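S.K.: take a look and give me a structure for this.
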Amino acid sequence: MADNVDEELLKVLIDSACLLVASKAREVVLSALGFIKTLLLSFSANFGPFLNQVVSTVFLVFSVIYDYVFSIGFTLAELIVHL
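M.R.: Sure, this is the predicted structure:
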């Protein structure tokens, strides 16, 4: 079944998930990351062309979170506990 997925459909799903990862709501971000993980595991053979987009989106979001969390005095251990 995973081999029969249209590449255009996979692109739309990944684009949508990347938009959701940029949300300000923590629950939405966590759900979108879980969905991206599911897409990666389910369609790993077709995921290659989209990997750069996903990685750059995730790193952008985590860099914003990192700057915010450490500006208010969290340590790395506290951040990991809260995630």
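S.K.: check Glu8 and give its pLDDT.
M.R.: Reported pLDDT at Glu8 in the predicted model: 90.
S.K.: any idea which helix or strand carries it?
M.R.: Glu8 is located in helix 7-21, with elements delineated by DSSP states H and E.
S.K.: look up how far Glu8 lies from Val28.
M.R.: 24 Å (CB to CB, to the nearest Å). All C-beta spots, glycine's among them, are computed from the backbone N, C-alpha and C.
S.K.: between those two, which one's more packed in?
M.R.: Val28 (13 against 8; other CB atoms under 10 Å).
S.K.: tell me, how many residues neighbour the residue nearest to Val5 when sequence neighbours are not counted?
M.R.: Nearest-residue entry for Val5: Phe43, 6.1 Å, with adjacent residues in sequence omitted and distances by CB to CB, 6 or more residues apart in numbering. Using other CB under 10 Å, Phe43 has 20 other residues around it.
S.K.: does Phe43 touch Glu7 like I think?
M.R.: No: applying CB atoms under 8 Å as the test, Phe43 and Glu7 come out as separate, 9.6 Å apart.
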